[in-house]
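Trainee: sharing a model that was predicted from the sequence below.
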Amino acid sequence: MKNNDRLCIYPKEAAVILGRTEKHTYKIFQSIRDCYGLKANQYVSIRIFADYTGLPEEEIRRLLL
């Protein structure tokens, strides 16, 4: 599997992309889970993260390389 075929994003990576602290992105991820009805142990997909933040999915995937 190539790196650009990834399905999920982690708070630490989101912190770099958003320019926020890791602690703040944990709060964002909790809001995403609440909004999309995900359980605490479920991963947040790149697609859901992009939809929630309004950022282009392709740009997020490019930054994760």
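Mentor: That came through, no problem.

Trainee: quick one: the strands in the chain?
Mentor: Remark: strands assigned in the chain by DSSP state E are 8-9, 44-45.

Trainee: Asp5 versus the closest residue to Ala14 other than its chain neighbours, what's the distance?
Mentor: Of all residues not flanking Ala14 in the chain, Thr25 sits nearest, at 4.5 Å (CB to CB, 6 or more residues apart in numbering). Placement of C-beta: from N, CA and C, glycine included. Going from Thr25 to Asp5 by CB to CB, to the nearest Å gives 23 Å.

Trainee: neighbour-wise, which of these two wins?
Mentor: Thr25 (21 against 7; other CB atoms under 10 Å).

Trainee: which residues does that one contact?
Mentor: Pro11, Lys12, Ala14, Ala15, Leu18 (CB atoms under 8 Å, 6 or more residues apart in numbering).

Trainee: same thing but at 10 Å, please
Mentor: Ile9, Tyr10, Pro11, Lys12, Glu13, Ala14, Ala15, Val16, Ile17, Leu18, Ile32 (CB atoms under 10 Å, 6 or more residues apart in numbering).

Trainee: done for today, thanks.
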